[in-house]
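Enquirer: Just the structure for this:
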Amino acid sequence: MGNNKQIFPGALTTANMFFGFLAIIKTISGDIATAGWLIIIAAIMDGLDGKLARRLNQGSRFGKEYDSMADMVSFGVAPALLAYTAYFQRFEFLGLVIVFIYLFMGGYRLARYNAASKPKVKDKFIGLPIPMAAITIVSFIQFNTYHWNEPVLYPLFHPLIGALCFLMVSHIQYDAIPRLTLREGAENRIKLGILIGALILAAILPETLFFPLCIFFIVQGIVRSIIRSARKLEPEQEQLESASR
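Expert: Numbers count the residues shown, from 1 in each chain. All right, here's what the predicted structure looks like:
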């Protein structure tokens with residue numbers, strides 16, 4: 001039984017890597033739409049494997065490293081190749097540089113997370129998680145293709161990639177996936193309700209709502225971090241004012 005518990009989380013990580021690899025194959029063959037959905041499926045596997053590992057109390061250093069290796073395939077290489085094939089290849093070498101910067105920043109973010117001496121803040125991620133960056137790229141392509149079937153919004157791809165690169169290596173805090181239980185307190189229940197509502201909306205109109213929901217998640221993290229920083233500065237400012245009197 002103990003061996004089975006060790007296998008399950010690793011199996012989901014392997015599934016994450018498999019779907020990411022399959023997305024790469026589909027992108028090379030020109031099936032960009034399917035490749036995008038495969039990256040999203042890989043992200044679902046990635047979310048589930050961490051939850052299952054914690055549920056079974058099977059977290060390990062090996063699992064952490066293996067998960068990052070799978071993430072590099074599914075959310076680093078796969079979306080970089082997808083973005084290059086869908087738009088950036090027309091810029092030739094410059095296009096290669098742009099998508100490589102995304103790949104580099106994603107790898108740097110994963111390495112920084114693994115090398116951190118302290119665990120992540122409870123229920124928070126420092127910097128935009130690479131799966132979310134990958135899903136944002138995918139949903140952007142799907143949104144544009146579904147509504148126009150031509151590169152109407154693709155000039156926005158440059159600043160979008162730049163923003164994602166910055167956010168991944170930033171110290172902006174983003175909420176982790178809430179615990180899938182109603183027993184964790186009011187805050188977790190609210191987050192879980194929001195997550196379920198967002199997933200329902202995305203399932204109803206995926207090509208239309210997926211990208212706006214990604215942007216909402218990214219922006220709310222930025223806004224909350226600014227507010228959090230401002231609140232921390234207020235006591236410090238008061239102390240300085242008191243000391244100067």
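
Enquirer: buried ones in the lengthiest helix in the chain?
Expert: Longest helix of the chain, by residue count under DSSP state H: helix 206-244. Within helix 206-244, the residues that count as buried by 16 or more other C-beta atoms under 10 Å are Pro206, Glu207, Leu209, Phe210, Phe211, Leu213, Cys214, Ile215, Phe217, Ile218, Gly221, Ile222. Where C-beta positions appear, they are placed from N, C-alpha and C, glycine not excepted.

Enquirer: Now do the contacts for the residue nearest to the spatial centre of the chain.
Expert: The chain has Met132 as the residue nearest its centroid, 1.9 Å off, counting by C-alpha atoms, centre = their mean. Neighbouring residues of Met132 by C-beta atoms under 8 Å, 6 or more residues apart in numbering: Tyr174, Cys214, Phe217, Ile218.

Enquirer: ok, now how distant is it from Ile218?
Expert: Note on Met132: its distance to Ile218, by C-beta to C-beta, to the nearest Å, is 7 Å.

Enquirer: cool, Leu103 as well?
Expert: Distance of Leu103 to Ile218, computed by C-beta to C-beta: 19 Å.

Enquirer: Could you do Ile24 as well?
Expert: Separation of Ile24 from Ile218 (C-beta to C-beta): 25 Å.

Enquirer: that older thread, got JSON lines for the contacts of Met132, with distance to Thr136 and pLDDT too?
Expert: Shown next, in JSON lines, are the contacts of Met132 (distance: C-beta to C-beta, whole Å; pLDDT from 0 to 100):
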{"residue": "Tyr174", "distance to Thr136": "12", "pLDDT": "92"}
{"residue": "Cys214", "distance to Thr136": "4", "pLDDT": "95"}
{"residue": "Phe217", "distance to Thr136": "9", "pLDDT": "93"}
{"residue": "Ile218", "distance to Thr136": "7", "pLDDT": "96"}
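
Enquirer: Out of those, the closest to Phe140 would be?
Expert: Cys214 (8.0 Å; C-beta to C-beta).

Enquirer: Spatially, what comes nearest to that closest one if we skip its sequence neighbours?
Expert: Spatial nearest neighbour of Cys214, chain neighbours left out: Thr136 (4.3 Å); criterion: C-beta to C-beta, 6 or more residues apart in numbering.

Enquirer: residues near that neighbour, how many?
Expert: Each residue near Thr136 was counted by other C-beta atoms under 10 Å, and the total is 24.

Enquirer: check which helix or strand covers it.
Expert: Taking DSSP states H and E as the criterion, Thr136 maps to helix 130-148.

Enquirer: what's the answer for Phe125, then?
Expert: strand 124-126.

Enquirer: So the nearest residue to Ser170 once chain neighbours are set aside versus Leu167, what's the distance?
Expert: Among residues not flanking Ser170 along the chain, Gly127 sits closest, at 5.3 Å (C-beta to C-beta, 6+ apart). Gly127 is 7 Å from Leu167, where distance means C-beta to C-beta.

Enquirer: Over to Ile98?
Expert: 16 Å.

Enquirer: I'd like the C-alpha coordinates of the helix or strand hosting Asp71 written as PDB, please.
Expert: Element membership for Asp71, per DSSP H and E: helix 61-71. The C-alpha coordinates for helix 61-71 follow below in PDB (Å, rounded to 0.1, in the frame of the first residue of the first chain):
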ATOM      1  CA  ARG A  61      12.900  16.400  -2.700                       C
ATOM      2  CA  PHE A  62      12.900  14.000  -5.700                       C
ATOM      3  CA  GLY A  63       9.200  14.700  -6.400                       C
ATOM      4  CA  LYS A  64       9.900  18.400  -6.300                       C
ATOM      5  CA  GLU A  65      12.700  18.100  -8.800                       C
ATOM      6  CA  TYR A  66      10.800  15.700 -11.000                       C
ATOM      7  CA  ASP A  67       7.800  18.100 -11.000                       C
ATOM      8  CA  SER A  68      10.000  21.000 -12.100                       C
ATOM      9  CA  MET A  69      11.500  18.900 -14.900                       C
ATOM     10  CA  ALA A  70       8.000  18.100 -16.100                       C
ATOM     11  CA  ASP A  71       6.900  21.800 -15.800                       C
END
